[in-house]
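1. No letters, just coordinates:
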């Protein structure tokens with residue numbers, strides 16, 4: 001089931017998608033550092049930094065997704081109101 005995304009929808013914005021991709025990359029890099037930081041590099045702090053980076057990027061990712069979803073619902077609601085007038 002495909003949804004039409006109006007121009008005001010955040011998912012239609014290329015910058016929004018780019019930010020999500022950067023956050024996903026940060027999560028993956030953090031996970032890799034967490035799993036390999038101590039074993040490959042012998043550095044426990046590196047593994048801890050990787051975990052922190054993955055968690056913070058994950059929170060930012062989901063926060064941005066929730067904010068975009070709320071903005072899309074608000075835009076849809078406004079569009080419905082304008083259509084009824």
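-> Arrived safely, thanks for sending. All figures in this text were calculated on a predicted structure; none of them were measured in a lab.

2. For residue 37, grab the count of nearby residues.
-> 20 (other CB atoms under 10 Å). Placement of C-beta: from N, CA and C, glycine included.

3. Helix or strand for it, just tell me which one.
-> Secondary structure from DSSP states H and E places residue 37 in helix 14-41.

4. Please work out the average pLDDT along the helix or strand hosting residue 75.
-> According to DSSP H and E, residue 75 maps onto helix 44-84. Taken as a whole, helix 44-84 has an average pLDDT of 90.

5. Which strands and helices lie in contact with it?
-> Here helix 44-84 touches helix 14-41, going by 3 or more CB pairs under 8 Å, 6 or more residues apart in numbering; DSSP states H and E.

6. Give me the distance from the helix it packs on to the chain's centre.
-> 12 Å (CA atoms, centre = their mean, to the nearest Å).

7. before we move on, what about stretch 77-85?
-> 29 Å.

8. need the contact list for the residue nearest the centre of the chain.
-> Note on the chain: the residue nearest the mean C-alpha position is residue 61, at 2.6 Å, using CA atoms, centre = their mean. Neighbouring residues of residue 61 by CB atoms under 8 Å, 6 or more residues apart in numbering: 20, 23, 24, 27.

9. Filter the residues you listed down to just the buried residues.
-> The neighbour-count criterion (16 or more other CB atoms under 10 Å) marks 20, 23, 27 among these as buried.

10. Look up how far residue 65 lies from the first one.
-> Distance of residue 20 to residue 65, computed by CB to CB, to the nearest Å: 8 Å.

11. and if you look at residue 73?
-> Taking CB to CB, one finds residue 73 at 13 Å from residue 65.

12. Please say which of the two ends up with more neighbours.
-> Of the pair residue 73 and residue 65, residue 65 is the one with more neighbours under other CB under 10 Å, namely 15 against 10.

13. if I pick the more buried one, what's in contact with it?
-> Residue 65 makes contact with residue 20, according to CB under 8 Å, 6+ apart.

14. Look up how far residue 32 lies from it.
-> 22 Å.
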